[in-house]
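>>> sequence unknown, structure follows:
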Ligand SMILES: [Zn+2]
Ligand SMILES: [Zn+2]
């Protein structure tokens with residue numbers, strides 16, 4: 001059977017972090033048949049200290065966002081623009097976990113640096 005890995009966030013939301021197909025599913029995918037098992041082994045990651053991205057934009061996490069952006073500024077001297085807009089966080093609906101957003105921020109940060 002294939003494996004599903006779940007991540008529970010601070011806000012209480014639970015999302016699939018990762019799906020690991022079993023050899024059977026991998027063999028099927030090689031023939032371009034998307035076949036994951038109907039039943040999965042499930043595992044849960046330790047509860048995240050972060051809210052999920054959907055909740056991250058909600059008012060109750062305003063302090064959290066501020067802290068996070070202060071941290072970002074501290075680690076990126078010279079960044080004075082509106083970080084949320086710069087990072088495009090506002091435009092990213094809950095399709096990514098917050099960890100991915102941080103990675104995305106780093107990627108965009110390096111792009112900005114290259115352009116500058
Ligand atoms: Zn499977
Ligand atoms: Zn949430």
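Sure thing, it's come through. Just so we're clear, the structure is a prediction, and the values are computed from it rather than from any experiment. Ligands and ions are numbered 1, 2, ... in the order given.
>>> From here on, just use CA atoms for contacts and neighbour counts.
Fine.
>>> Low-confidence regions, this protein specifically.
79-116 (pLDDT under 70).
>>> same thing but at 90, please
Along the chain, segments meeting pLDDT under 90 span 16-18, 29-35, 48-116.
>>> interface residues of it facing ligand 2?
Residues of the chain lying near ligand 2 by Cα under 5 Å from the ion: 11, 13, 52, 55.
>>> go again using 6 Å as the cut-off
For the chain, the contact set with ligand 2 under Cα under 6 Å from the ion comprises 11, 12, 13, 51, 52, 54, 55.
>>> If any of the residues you listed are buried, put those into a ChimeraX selection.
In ChimeraX syntax, the buried subset of the residues of the chain next to ligand 2 is picked out as below (16 or more other Cα atoms under 10 Å):
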select :11,51,52,54,55
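>>> Adding secondary structure and distance to ligand 1, write the residues of the chain next to ligand 2 out as JSON lines.
JSON lines is the format used below for those (DSSP: H, G, I helix; E, B strand; the rest coil; distance: Cα to the ion, whole Å):
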{"residue": "11", "secondary structure": "coil", "distance to ligand 1": "30"}
{"residue": "12", "secondary structure": "coil", "distance to ligand 1": "28"}
{"residue": "13", "secondary structure": "coil", "distance to ligand 1": "25"}
{"residue": "51", "secondary structure": "coil", "distance to ligand 1": "30"}
{"residue": "52", "secondary structure": "coil", "distance to ligand 1": "27"}
{"residue": "54", "secondary structure": "helix", "distance to ligand 1": "30"}
{"residue": "55", "secondary structure": "helix", "distance to ligand 1": "32"}
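>>> May I ask which two of the residues of the chain next to ligand 2 are separated the most?
Taking Cα to Cα as the measure, the residues of the chain next to ligand 2 span a maximum distance of 11.5 Å, between 12 and 54.
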